[in-house]
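Asks: Starting from these lines, generate the structure:
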Amino acid sequence: MAIERWVAVASLGLFVMFVAQMISISVYLAHPSHDIDPSSEIREFISISVAPALVLAGSSFVLARRYGSRLVGSLLISGGLVTIGGMHYVSTLIPKIAPAYVVPELTGSPIAFAITSIPVIVIGILLFRVKPMPKRDYFFDR
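Replies: From the prediction side, this is the model:
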């Protein structure tokens, strides 16, 4: 596979990892066994998984935009859909969490990243619409 396909696969993996982390902390905060600071954990999850996922999604789009790629487009679309679905599930878990653990990062992250995943879906759709440019045989054919 070409590099843009691997970058799109890594982006999808990081989107899935972010959703899994947010679900796991939300389930844990519903019945905590010891006291934690959820705001720092969520900021860590954002910096480890979803921020690099967004950068990789943009990078794979830039790499594949000249000739289009159905595989890269479908990977980006599925990453966006996974994020929207996971953030919807996290938002349904928030009412079950004790009020002491409900922090702005926990309430704002599902909305923010569901909205942020919409452009990821759009750039995935754009890759389906791009007509492939003919590949050059030689470097000096310009």
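
Asks: Moving C-terminal from the longest helix along the chain, which element do we reach first?
Replies: Counting by DSSP state H, the longest helix found in the chain is helix 3-30. Sequence-wise, the next helix or strand downstream of helix 3-30 (DSSP states H and E) is helix 38-45.

Asks: Residues contacting that next one, please?
Replies: Residues from elsewhere that reach helix 38-45 (CB atoms under 8 Å, 6 or more residues apart in numbering): Phe18, Gln21, Met22, Ile25, Leu29, Tyr101, Val103, Pro104, Glu105, Leu106, Ser109. Yep, even glycine has a C-beta here, placed from its N, CA and C like the rest.

Asks: try it again with 6 Å
Replies: Gln21, Ile25, Leu29, Tyr101, Val103, Glu105, Leu106, Ser109 (CB atoms under 6 Å, 6 or more residues apart in numbering).

Asks: list the buried ones in the helix or strand containing the last one?
Replies: Looking back up the chat, that one is Ser109. Here Ser109 is covered by helix 104-129, with elements defined by DSSP H and E. Neighbour-count burial for helix 104-129, counted by 16 or more other CB atoms under 10 Å, picks out 105-106, 109-110, 113-114, 116-117, 120-121, 123-124, 127.
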